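Participant: My questions concern the predicted model and sequence given below.
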Amino acid sequence: MNSLLKIITVLFIICPYISFGKDVLKAKEGITWDSENKEYVAKGDVIYQSDEIKISSDFLRAKYEIKDEREVFNEIEVKGSIEIFYNDEIYYSDYGLYFKPKNLIELYDNVKIVSEERILKGDKLIIDLKNNTRTMSASKKESVVEVFINE
């Protein structure tokens, strides 16, 4: 029992984000922290992950505010080869915004939702995480919203 307690203690010391659910940001080309403007800019195979969502893209800009002496992301902008993993759905697009306090994601250009039972394609998608709704629309005159349902 003592060994198990020691292992758990070491894990909490080494990996505190496991117990407190912090956001994680990784990038192959690098991350720039701008404390004056309260933002991070990440480039090259970027991965952002929180307790409920994972986002990968080519570029990410995350604005934050200080709450209880901690940096808390409140707006995340992503560009290029975007993949968002949320519950059992994957979202794809070329440009997106994630407004964390509002639990709202907006995706633009070459938007696609892939789930177990369907694929939706369009130009613009509003994802309301709080109310569990997805609103796909066509923004161009020649565009249409497509739905493919597995039978």
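Facilitator: Structure received.
Participant: what helix or strand does the closest residue to residue 37 other than its chain neighbours sit in?
Facilitator: The shortest distance from residue 37 to any non-neighbouring residue, by Cβ to Cβ, 6 or more residues apart in numbering, is to residue 63 (7.9 Å). All C-beta spots, glycine's among them, are computed from the backbone N, C-alpha and C. Using DSSP states H and E, residue 63 maps to strand 54-67.
Participant: For that strand, what is the distance to the chain centroid?
Facilitator: Strand 54-67 has its average C-alpha position 8 Å from the chain's average C-alpha position, going by Cα atoms, centre = their mean, to the nearest Å.
Participant: Could you do stretch 30-39 as well?
Facilitator: 18 Å.
Participant: And that stretch, what's buried?
Facilitator: Using 16 or more other Cβ atoms under 10 Å as the test for burial, stretch 30-39 gives residue 39.
Participant: could you list every residue that touches the nearest residue to residue 120 once chain neighbours are set aside?
Facilitator: Spatially, and ignoring its direct neighbours in sequence, residue 120 is nearest to residue 113 (4.4 Å; Cβ to Cβ, 6+ apart). Counting by Cβ atoms under 8 Å, 6 or more residues apart in numbering, residue 113 touches 89, 90, 91, 92, 119, 120, 125, 134, 136.
Participant: Mind doing that once more with 6 Å?
Facilitator: The contact partners of residue 113, by Cβ atoms under 6 Å, 6 or more residues apart in numbering, come to 89, 91, 120.
Participant: The second one contacts residue 83, correct?
Facilitator: Going back to what we said before, that points to residue 91. No: Residue 91 is beyond contact range of residue 83, at 7.3 Å (criterion: Cβ atoms under 6 Å).
Participant: Looking at those two, which one has more neighbours?
Facilitator: Taking neighbours as other Cβ atoms under 10 Å, residue 91 and residue 83 compare with residue 91 leading, 23 against 16.
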